[in-house]
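>>> no sequence on hand, only this structure:
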């Protein structure tokens, strides 16, 4: 997530490099020490909020 950032108050969303482009993926953005995750196909449905530490632990487990 180090490449994802909030630039001048605008979230910069990133998709996983494993996304196959069919819309069935999630996007993540980082801002102020937190990571926000949303559904790519339905971004208005809601978002999940993680601390940066919790996100790092989560991604370490799924990469494991």
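Thanks, I have the structure now. Keep in mind the model is a prediction, meaning the values are calculated, not measured.
>>> what is the neighbour count of the closest residue to residue 35 other than its chain neighbours?
Closest residue to residue 35 apart from its sequence neighbours, by CB to CB, 6 or more residues apart in numbering: residue 55 at 4.0 Å. The way it works is simple: take the backbone N, C-alpha and C, and place the C-beta from them, glycine included. Using other CB atoms under 10 Å, residue 55 has 19 other residues around it.
>>> how about the strands in the protein?
Here the chain has its strands, by DSSP state E, at 6-7, 10-11, 14-15, 26-31, 34-39, 47-51.
>>> who does the second one pair up with?
Taking DSSP bridges as the criterion, strand 10-11 forms sheet pairs with strand 6-7 (antiparallel).
>>> what average pLDDT does the strand it pairs with get?
Per-residue pLDDT over strand 6-7 has a mean of 56.
>>> go on, stretch 48-60?
Mean pLDDT, computed over stretch 48-60, is 93.
>>> other residues contacting it?
Stretch 48-60 is contacted from outside by 1, 28, 30, 33-38, using CB atoms under 8 Å, 6 or more residues apart in numbering.
>>> which of the residues in it are buried?
Buried residues in stretch 48-60, counted by 16 or more other CB atoms under 10 Å: 50, 55.
>>> OK, contacts around residue 16?
Contacts for residue 16 (CB under 8 Å, 6+ apart) come out as 25-26.
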